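Trainee: Take this sequence and fold it.
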Amino acid sequence: MLKLGVLIFALTFLSCANLRDPSFIEILENAQHDIKVDSVKYFTNGLPFIRPVFAQSTIDTMSKATREHIEKMDEILNRSQVERELRKNILTKYGLYEHNLGCMVDKQTSILAKEYKRVTAFYLEKRNGKDWEEKMREEMINISND
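Mentor: Residues are numbered from 1 along each chain as shown. Just a heads-up that it's a prediction; the model follows:
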């Protein structure tokens, strides 16, 4: 039982990012490169929504209520696309671009993303001024309120 506990501890400990970990070194190099080219990653997660595509023959067989429902959803998705473009413009204004980590973010990726953010934080504050994150957040909120 003790051996199993030691093995679990060792695997857990060794799976954490540290300064000698190649992925840790790579994330630091990526951060330095992104700072140099003034395009820092803004990490997000989750699956993007992909709108369904219907064949014309399928649309022709749908009820009027279903077609109207799809048209309303298209309006929402188009509005959502406009909002996405506005968010992208705001991120660019602050020297950022969105980088989606996917829907399942493991501990290692989370640690590396936090380290990347820590490394780039000083640069972004120098570039954008004090409290820039709050200003950016307010601009993002205003998109949804308009």
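Trainee: which residues touch the helix or strand hosting V119?
Mentor: For V119, the enclosing helix or strand under DSSP states H and E is helix 107-128. Here helix 107-128 makes contact (CB atoms under 8 Å, 6 or more residues apart in numbering) with 15-17, 23-24, 27-28, 30-32, 34-35, 38, 40-41, 43, 94-96, 101, 105, 132, 135-136. Using the backbone N, CA and C atoms, a C-beta is placed for each residue, glycine as well.
Trainee: From the residues you listed, which land in helices?
Mentor: 15, 23-24, 27-28, 30-32, 34-35, 132, 135-136 (DSSP state H).
Trainee: which of these lies closest to R87?
Mentor: M136 (9.8 Å; CB to CB).
Trainee: For that closest one, which non-adjacent residue is closest in space?
Mentor: Y94 (5.3 Å; CB to CB, 6 or more residues apart in numbering).
Trainee: For the one you found, give me the backbone phi and psi.
Mentor: Backbone torsions of Y94, given as degrees, to the nearest 10, read phi -100, psi 10.
Trainee: tell me, what residue is most central in the protein?
Mentor: The centroid of the chain falls nearest to T44 when counting by CA atoms, centre = their mean (1.7 Å).
Trainee: What residues are bridge-paired with that one?
Mentor: With DSSP bridges applied, T44 shows beta-bridge pairing to N100.
Trainee: Can you read off the pLDDT for it?
Mentor: Looking at T44, its pLDDT stands at 80.
Trainee: do A121 as well
Mentor: 92.
Trainee: measure E125 to L77 for me?
Mentor: Separation of E125 from L77 (CB to CB, to the nearest Å): 36 Å.
Trainee: quick one on the thing from earlier: please tell me I have it right and the residue nearest to the centre of the chain contacts H99.
Mentor: Yes - the pair T44 / H99 is scored as a contact, 7.1 Å apart, by CB atoms under 8 Å.
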